[in-house]
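S.K.: Okay, here's the prediction I keep looking at, along with the sequence it came from:
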Amino acid sequence: MQSNGTYGDLMPRVVGMFMLALGGLIFQFVRAQDYCYYLYSAVARTFIVLVLTTLYVRSHDPLFLVLDAIVLVGLLPSIYVAATKTARSGSP
């Protein structure tokens, strides 16, 4: 991606679109009370956080920190629900 910070508003909008789609999918899981994919969503969001953090370290662009914070807002409850669901069912 070798961004130099002059990508305008296009790249943040594309990333925001993907994050909204992921958030909408998670919302549908919660609405349907179908928690079987919650562990996967926690793993996927963890991967997103790792990639965004790596991009920040490489570019020092604060946009990646903001995107990290947005993903973390959804990741922490996902980890909690996945952990409590696993603890209740007694299996990993």
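M.R.: The structure has been received and is ready for your questions. Residues are numbered from 1 along each chain as shown.
S.K.: So which elements touch the longest helix along the chain?
M.R.: In the chain, with assignment by DSSP state H, the single longest helix is helix 62-89. Packing partners of helix 62-89 (3 or more C-beta pairs under 8 Å, 6 or more residues apart in numbering; DSSP states H and E): helix 10-31, helix 38-59. Any C-beta I mention is one placed from the backbone N, CA and C, and that applies to glycine too.
S.K.: can you pull the buried residues of that helix?
M.R.: Neighbour counts over helix 62-89 (16 or more other C-beta atoms under 10 Å) mark 63-64, 67-68, 70-71, 74-75, 78-79, 81-82 as buried.
S.K.: try stretch 38-56
M.R.: Buried positions in stretch 38-56, judged by neighbour count with 16+ other C-beta under 10 Å: 38-39, 41-42, 44-45, 48-49, 52, 55-56.
S.K.: outside of it, which residues touch it?
M.R.: With contacts defined as C-beta atoms under 8 Å, 6 or more residues apart in numbering, stretch 38-56 is touched by 1, 3, 22, 25-26, 29, 61-62, 64-65, 67-68, 71-72, 74-75, 78-79, 81-82, 85-86.
S.K.: roughly how far apart are residue 82 and residue 40?
M.R.: 9 Å (C-beta to C-beta, to the nearest Å).
S.K.: State the distance from the closest residue to residue 68 other than its chain neighbours to residue 76.
M.R.: Using C-beta to C-beta, 6 or more residues apart in numbering and skipping residues adjacent in sequence, the residue nearest residue 68 is residue 52, 4.7 Å away. According to C-beta to C-beta, residue 52 stands 15 Å off from residue 76.
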